[in-house]
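Peer 1: Next input, structure requested:
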Amino acid sequence: MRDTMRRSVVAGILGVTKRSNDKIRGTEGAFGTPERQAVRNEPEEKWEESSLAKFSHFLGFPTEGLEKEILKRLGIGQRELNCGCPMKLKVMSWNVRGANDSSKRKIIKAFTRNQRVDLLCIQETKIQSMSEGIVRSLGSGRFLDWKALNAEGASGGILICWDKRSLDILDWEEGHFTLSCRFRNVENGAVWVFTGVYGLFSKVERDELWEEFGPIRGLWEDPWCLGGDFNITLFQREKSNQRRINSAMRRFAEIVDDLGLVDLPLQGGEFTWNGGHNNQVWARLDIFLVSPSWLDQFSGVTQSRLPWPISDHFPIILVGGGIRRGSTPFRFENMWLKVEGFKDLIHSWWQGIEVRGSTSFKLAAKMKEIKQKLKVWNREIFGRLDCNKSSALQQVDFWDRMESERSLTMEETKLKKEAKENYKKIKINGEWLSEEQEVREGIANAFHQLLSEDTGWKVDIGRLQLDQISQQEAENLESLFTEDEDILEMFKEFHEYSSFLKSLNNTFLVLIPKKSGAEDLGDFRSISLLGGLYKLLAKVLAIRLKKVVGKVVSTSQNAFVMGRQILDALIANEVLRKMGFGSKWLGWMWSCLSSAKFSVLVNGVPASFFPTTKGLRQGDPLSPYLFVKGMEVLDVLIRRAVEGGFLLGCNIRDDSRSSLNISILFFVNDTIVFCEASKEHLTHLSWILYWFEAASGLRINLAKSEIIPVGEVEKIEELAIELGCKVGSLPSQYLGLPLGAPNRAPYMWDGVEERVRRRLALWKRQYISKGGRVTLIKNKEKGGLGLRKLAMLNKALLGKWIWRYACDKDNLWKQVITVKYGQEGLGWRPKKTNGAVGVGVWKEIWKESDWCWDTMIFRVGKGTKIRFWTDV
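Peer 2: Okay, the predicted model is just below:
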């Protein structure tokens with residue numbers, strides 16, 4: 001394959017996220033300010049003559065009278081999903097013992113990027129003149145700002161970096177041992193002061209440090225936070241060889257008391273520094289101190305020690321946030337189904353409940369009554385499950401304490417293991433959270449704002465050309481529900497009135513951590529627990545929608561994955577209308593969207609329900625189909641930009657055949673855009689993403705996106721800054737598969753091999769004896785699992801691709817293979833791959849074509865795709 005881009009770049013493996021009405025923390029800012037991009041170097045140019053306005057008109061979006069709104073939206077950096085929450089903040093302090101070495105700076109940058117902090121304070125930089133380049137090599141993101149206290153000789157130096165999307169700097173002051181910045185929170189406007197500290201060891205210099213604190217406190221009376229390496233412990237227990245309290249410790253304690261500061265307990269370890277003779281001394285030298293008024297701004301503040309990648313100091317982090325337990329909602333226990341006569345009991349209860357009203361009301365009332373009966377029945381049969389779980393938790397805590405004091409006996413170890421098995425049953429994906437009521441309410445407020453209709457400016461997509469379904473197909477979607485679709489009276493009511501009882505659409509949102517140690521709201525994935533009756537209705541609608549979705553979704557969209565993102569209701573209905581769906585169907589979709597009410601479960605405790613006017617839920621059968629329809633807007637915009645020469649895409653061709661241009665590939669919300677490696681083209685791409693956001697309410701998550709250069713690309717870091725994402729490299733991963741690597745490269749499978757070996761070792765050690773393993777590999781008739789020969793299985797799977805090529809008509813993957821290699825046999829199979837052009841996965845697949853076709857027999861139909869002498 002040859003493409004037309006000598007300097008090419010895959011502009012991101014892009015993830016689509018929800019856009020809130022406010023700022024979203026943690027995602028890279030979309031596209032910079034237009035003053036720097038759109039009309040840079042054209043200060044006198046009129047708005048309608050600017051490149052941004054002209055490009056927008058070409059795409060089909062009006063801009064007359066919307067200059068301020070467009071510029072405002074382009075200038076707004078996004079924050080994570082915490083709008084409406086009490087202000088949350090992450091501040092990290094770290095004595096790195098020198099930042100002159102570039103390799104060391106890479107480690108610091110990678111570590112701090114993973115923590116996703118709002119403010120970073122580095123001590124002992126040992127850099128006499130801090131520069132923008134050094135700061136950029138230490139911190140990531142285009143929204144980074146900084147202040148520095150230069151080192152004196154080869155010692156000292158403080159650097160404070162912050163995210164401008166979280167904090168605005170108002171003032172700053174430099175001392176000999178401190179650097180203080182006065183900030184305003186972007187989200188809530190609160191003003192506070194941060195002081196970075198690097199204390200030296202001598203008494204004279206330490207006294208000078210204490211003297212600097214007084215003027216800082218006198219200069220600003222705002223809430224105050226200090227963090228850094230104080231080079232002195234506050235308590236005797238904070239140093240491993242500290243036998244008594246000395247005068248320096250007493251003086252430090254006096255300063256803390258005089259200033260009214262609070263030292264929060266350190267979590268994650270006792271000490272923050274290791275050194276001395278043979279590294280035998282441990283001490284807590286790195287501390288955050290905060291004023292009570294600062295604590296009032298942030299709920300559930302914790303101070304923690306982080307892992308220790310470099311330096312002899314541990315980084316420490318200050319984080320706000322927390323949750324409180326409360327009563328849990330009703331849950332149906334699967335174990336009830338194992339009780340003899342349980343289903344008959346439910347049936348008798350159901351028949352005995354008399355309710356008057358609409359069909360959906362009667363169903364909702366009966367289910368509510370059944371729930372109350374089940375609670376009483378469960379207590380009579382099983383007792384209090386929550387008490388049993390609490391008891392198991394206490395047992396685990398007891399055995400943990402005992403094990404820390406002495407070695408456990410074999411019997412005690414067994415009891416602890418049993419207790420932990422029960423303990424795991426009440427963990428939420430292995431994560432326990434702190435207990436603060438206001439944080440739970442804040443999370444609910446965040447989702448409430450996110451899922452509420454934005455009353456501001458909306459973009460009209462009326463000028464975009466989208467594929468349409470036929471009038472007959474639209475009418476079929478709105479036909480009466482039949483018995484083979486498990487029809488209930490509720491379905492007939494919904495068909496006639498396009499509505500149902502709203503309580504049937506109540507939904508619990510469960511927050512599942514995406515990684516261990518999740519702390520920020522953006523680190524959690526929201527899963528919707530839908531009501532069973534609504535899910536039945538949505539499934540019926542989804543089955544109908546599935547029949548026509550291929551007519552209006554382009555070939556660049558490759559799959560539907562059930563409900564992986566939430567979709568703005570506005571764009572859903574607008575796109576459906578453009579695609580020719582009827583008014584009744586649009587009414588059904590709107591009813592499914594607008595009738596939902598959400599309650600966020602935080603550690604199993606529900607917040608109050610709130611209404612929503614937009615959003616399909618993860619787990620809703622309708623979600624994948626409506627999502628891909630919304631993504632058609634982005635596909636149309638990209639293709640139109642390619643047609644106009646604003647983007648190039650990847651041109652696949654051979655000397656003797658026509659070419660195929662690929663500019664974008666979708667797999668649900670994972671996207672690859674092919675783009676020329678030039679600043680101009682990336683600027684056009686950023687504007688396309690802006691218009692897509694304005695039209696759909698969806699946003700490209702640039703924090704999870706990356707620019708991957710193909711070949712030699714100059715100034716790739718500058719291009720990444722222009723778009724606002726990080727730089728990747730080939731080989732990479734896309735949808736879990738290697739991208740840009742030789743298909744037979746052994747190193748690409750190292751991770752898979754290691755995971756298999758690790759799991760297999762655990763499996764062999766804990767569960768199955770040697771005799772059991774022998775039995776396991778036997779066929780099913782002899783009690784085994786019936787494991788198949790992998791070589792034969794692989795051959796069969798490769799053969800399926802040969803048959804797919806023969807049967808698929810307009811699939812994009814088949815078009816690529818056909819353009820690249822050509823086809824023969826009236827389109828049944830591609831030509832043989834030869835030379836370097838055939839190196840890759842498809843060459844291995846093609847090798848299986850001979851045995852595949854030799855064992856096939858053609859049956860003559862119309863005769864248009866068969867040759868009498870060779871195929872019959």
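Peer 1: residue contacts, the closest residue in space to Arg184 that isn't next to it in sequence?
Peer 2: Spatially, and ignoring its direct neighbours in sequence, Arg184 is nearest to Asp168 (4.6 Å; Cβ to Cβ, 6 or more residues apart in numbering). (C-beta placed from N, C-alpha, C; glycine too.) Neighbouring residues of Asp168 by Cβ atoms under 8 Å, 6 or more residues apart in numbering: 183-184, 186.
Peer 1: from these, which is closest to Leu59?
Peer 2: Lowest distance from Leu59 to those (Cβ to Cβ) belongs to Val186, with 30.5 Å.
Peer 1: From what I see, that closest one and Ile169 are in contact.
Peer 2: No: with contact defined as Cβ atoms under 8 Å, Val186 does not count as touching Ile169 (11.1 Å).
Peer 1: which of the two has more neighbours?
Peer 2: More neighbours surround Val186 than the other of Val186 and Ile169, with 19 against 16 (other Cβ atoms under 10 Å).
Peer 1: what's the spacing between the residue nearest to Arg184 and Phe194?
Peer 2: Distance of Asp168 to Phe194, given as Cβ to Cβ, to the nearest Å: 13 Å.
Peer 1: neighbours around Gly630, how many?
Peer 2: Counted with other Cβ under 10 Å, the neighbours of Gly630 add up to 24.
Peer 1: element containing it?
Peer 2: Gly630 is located in helix 623-643, with elements delineated by DSSP states H and E.
Peer 1: Break this protein down into its domains, please.
Peer 2: Domain assignment for the chain, taken from automatic domain parsing, gives 90-319, 334-424, 437-555+567-617, 789-872.
Peer 1: Rounded mean pLDDT for the second one, please.
Peer 2: The predicted model gives domain 334-424 an average pLDDT of 66.
Peer 1: coming back round to it: check which strands are paired with the helix or strand where the residue nearest to Arg184 lies and give the direction for each one.
Peer 2: Using DSSP H and E, Asp168 falls within strand 167-174. Partners of strand 167-174 in the sheet, by DSSP bridges, are strand 178-185 (antiparallel).
Peer 1: in the following helix or strand past the strand it pairs with, what's buried?
Peer 2: Remark: after strand 178-185, the chain's next helix or strand is strand 191-198, criterion DSSP H and E. Neighbour counts over strand 191-198 (16 or more other Cβ atoms under 10 Å) mark 192-198 as buried.
Peer 1: ditto for stretch 198-215
Peer 2: Here stretch 198-215 shows 198-200, 206, 209-210, 212-213 as buried, counting by 16+ other Cβ under 10 Å.
Peer 1: These: which two are farthest apart?
Peer 2: Leu200 and Phe213 (15.0 Å).
Peer 1: Which parts of the stretch 151-300 of the chain are strands?
Peer 2: Counting by DSSP state E, counting those that start in this stretch, the stretch 151-300 of the chain has strands at residues 158-163, 167-174, 178-185, 191-198, 224-229, 262-263, 266-267, 273-275, 281-283, 286-290.
Peer 1: who wins for proximity to Pro731 among these?
Peer 2: Across the strands of the stretch 151-300 of the chain, closest to Pro731 is strand 158-163 (Cβ to Cβ), at 31.1 Å.
Peer 1: could you dump that closest one to PDB, C-alpha only?
Peer 2: Presented in PDB, the C-alpha positions along strand 158-163 are these (Å, rounded to 0.1, in the frame of the first residue of the first chain):
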ATOM      1  CA  ILE A 158      11.400  25.900  43.800                       C
ATOM      2  CA  LEU A 159       9.100  25.400  40.800                       C
ATOM      3  CA  ILE A 160       5.300  25.800  41.000                       C
ATOM      4  CA  CYS A 161       3.200  24.700  38.000                       C
ATOM      5  CA  TRP A 162      -0.500  24.700  37.700                       C
ATOM      6  CA  ASP A 163      -3.300  24.000  35.200                       C
END
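Peer 1: Parallel or antiparallel, which strands does it pair with?
Peer 2: strand 119-123 (antiparallel), strand 144-149 (antiparallel).
Peer 1: contact partners of the longest one?
Peer 2: Looking back up the chat, that one is strand 144-149. Residues from elsewhere that reach strand 144-149 (Cβ under 8 Å, 6+ apart): 125, 127, 130, 135-136, 139, 156-164, 169, 172, 174-175, 178-179, 181, 196.
Peer 1: Then the shortest one?
Peer 2: Counting by Cβ under 8 Å, 6+ apart, the neighbours of strand 119-123 from elsewhere in the structure are 89-96, 99, 108, 112, 138-139, 157-163, 166-167, 183, 194, 196-198, 227-229.
Peer 1: What's the ChimeraX line that selects buried ones from these?
Peer 2: Buried residues among the contacts of strand 119-123 (16+ other Cβ under 10 Å), as a ChimeraX selection:
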select :89,90,91,92,93,94,95,96,99,108,112,138,139,157,158,159,160,161,162,163,166,167,183,194,196,197,198,227,228,229
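Peer 1: Of all the residues in the helix holding Gly630, which ones are buried?
Peer 2: Quick answer for helix 623-643 (16+ other Cβ under 10 Å): 623-642.
Peer 1: so can I have JSON lines of the strands paired with strand 158-163 showing distance to Val600?
Peer 2: Rendered in JSON lines, the data for the strands paired with strand 158-163 read as follows (distance: least, Cβ to Cβ, whole Å):
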{"stretch": "strand 119-123", "distance to Val600": "28"}
{"stretch": "strand 144-149", "distance to Val600": "32"}
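Peer 1: number of nearby residues for Gly711?
Peer 2: Other residues near Gly711 number 12, with proximity taken as other Cβ under 10 Å.
Peer 1: If you could redo that for Val605, that was the one I meant.
Peer 2: When counting by other Cβ under 10 Å, one arrives at 18 neighbours for Val605.
Peer 1: Give the buried residues for stretch 105-115.
Peer 2: 105, 108, 111-112, 115.
Peer 1: Tell me which of those fall in helices.
Peer 2: Among those, the members falling in helices (DSSP state H) are 105, 108, 111-112, 115.
Peer 1: could you point out which element follows the helix holding Gly630?
Peer 2: Assigned by DSSP H and E, the successor of helix 623-643 is strand 650-652.
Peer 1: What strands line up against that next one, and which way round?
Peer 2: Here strand 650-652 has these sheet partners by DSSP bridges: strand 660-662 (antiparallel).
Peer 1: Mind checking the pLDDT average for the partner strand?
Peer 2: 75.
Peer 1: Repeat that for stretch 692-709.
Peer 2: 76.
Peer 1: Show me what the helix ranked longest in the chain is packed against.
Peer 2: Determined from DSSP H, the single longest helix within the chain is helix 359-382. Here helix 359-382 touches helix 342-351, helix 489-497, helix 532-546, going by 3 or more Cβ pairs under 8 Å, 6 or more residues apart in numbering; DSSP states H and E.
Peer 1: Now do the second one, average pLDDT.
Peer 2: Which is helix 489-497. For helix 489-497, the mean pLDDT works out to 66.
Peer 1: Would you mind listing the buried residues in the helix or strand following it?
Peer 2: Using DSSP H and E, the helix or strand that follows helix 489-497 towards the C-terminus is strand 506-513. Buried residues in strand 506-513, counted by 16+ other Cβ under 10 Å: 506-511, 513.
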